[in-house]
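Peer 1: here is a sequence with its predicted model. Questions after.
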Amino acid sequence: MNTEKESMTEPRTNTSFAALKQINAGVLSIGYAEAGPVGGPAVILLHGWPYDIHSFAEVTPVLASRGYRVIVPYLRGYGTTRFLADATPRNGQQAALGVDTIALMDALGIGEAIIGGFDWGARSADVVAALWPDRCKALVSVSGYLIGSQAANKAPLPPRAEYAWWYQYYFATERGRAGYERYRRDFSKLIWQLASPKWAFDDATFARSAAAFDNPDHVAIVIHNYRWRIALAPGEPQYDDLEQRLADAPAIAIPTISLEGDANGAPHPEPDAYASKFSGKYMHRTISGGVGHNLPQEAPQAFAQAIVDVDSF
């Protein structure tokens, strides 16, 4: 296990993306940022909740300067990503988000990519790596192995661990859905503060990302995601076979670097708990210096370096 330090002396606010692009992929019209040469090796970076593509605003130019083609999509329910049909369920289950990534790759003509992510994005990256290893050249996953199942989530956790998931149980109620609908920005800012207690982000940094939560499907996707996890909401039948495979907690055999911040205030497993799930070449790095849950934005150099390094495994 390696420990690396990234300076956290000043919040980063100025880097942004060029004009966003839009492409139909699967059930979605996906909004995404792109940088770097079209012919370069592809890197797909996946954000989490409650964050957006700007978590990778400083990672992207570093990778583009190294010759990578970097794709940073808005997940379903965020930013400019939209469902193509009103009748499509607003489904946030893990298999659906994994399929979205494959659909985006297909639409862009990308056969294989290095995939990196954190939070929801790390889980989606893990799903792609586990189910479609031929499409994932290598993996960078913050907090490691995050694939889960409804069956596994039926087991109660010790009280302190359950306490850390307070928002999941809040979202299980109609009051929670209504509360997130009404106070989504205040709620999200609170999560940022709790998940990254040493990150001195400013109002402009938060506002830039919070605009993505104005997506008309955002609340429905978030609520369904957390209710599905604890079997309070159904998934879609077309994902049943994929979810059954994921419920077996498949090992990930492709080259992987897992990352963790030394000040992650969000619920997360310890590295020793998931190391055995990576059966290929694997390394874990803990990033010190007060780095919290939003690791790519708080420690962009460390995240970008992990992408470069795993590419050479």
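Peer 2: Cool, the structure landed.
Peer 1: measure Gly92 to Val70 for me?
Peer 2: Distance, Gly92 to Val70, using Cβ to Cβ, to the nearest Å: 25 Å. To be clear about C-beta, it is placed using only N, CA and C from the backbone, and glycine gets the same treatment.
Peer 1: more neighbours: these two, which one.
Peer 2: Legend: neighbour count by other Cβ atoms under 10 Å for Gly92 and Val70, higher for Val70 (30 against 25).
Peer 1: element containing that one?
Peer 2: Using DSSP states H and E, the element containing Val70 is strand 69-73.
Peer 1: which other helices and strands contact that strand?
Peer 2: If contacts are counted by 3 or more Cβ pairs under 8 Å, 6 or more residues apart in numbering; DSSP states H and E, strand 69-73 sits against strand 28-35, strand 42-46, helix 59-65, helix 94-108.
Peer 1: try 10 Å
Peer 2: strand 21-25, strand 28-35, strand 42-46, helix 59-65, helix 94-108, strand 113-117 (3 or more Cβ pairs under 10 Å, 6 or more residues apart in numbering; DSSP states H and E).
Peer 1: can you redo these as JSON lines with mean pLDDT?
Peer 2: Shown next, in JSON lines, are these (pLDDT from 0 to 100):
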{"stretch": "strand 21-25", "mean pLDDT": "98"}
{"stretch": "strand 28-35", "mean pLDDT": "98"}
{"stretch": "strand 42-46", "mean pLDDT": "99"}
{"stretch": "helix 59-65", "mean pLDDT": "98"}
{"stretch": "helix 94-108", "mean pLDDT": "98"}
{"stretch": "strand 113-117", "mean pLDDT": "98"}
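Peer 1: out of these, flag the one nearest Arg82.
Peer 2: Among those, the nearest to Arg82 by Cβ to Cβ is strand 28-35 (4.8 Å).
Peer 1: any idea how far the closest one is from the middle of the chain?
Peer 2: Averaging C-alpha coordinates over strand 28-35 and over its chain gives two centres that are 15 Å apart (Cα atoms, centre = their mean, to the nearest Å).
Peer 1: what does stretch 54-63 give?
Peer 2: Going by Cα atoms, centre = their mean, where stretch 54-63 is centred and where its chain is centred differ by 14 Å.
Peer 1: quick one: mean pLDDT over the strand holding Val70.
Peer 2: Here strand 69-73 scores 98 as its mean pLDDT.
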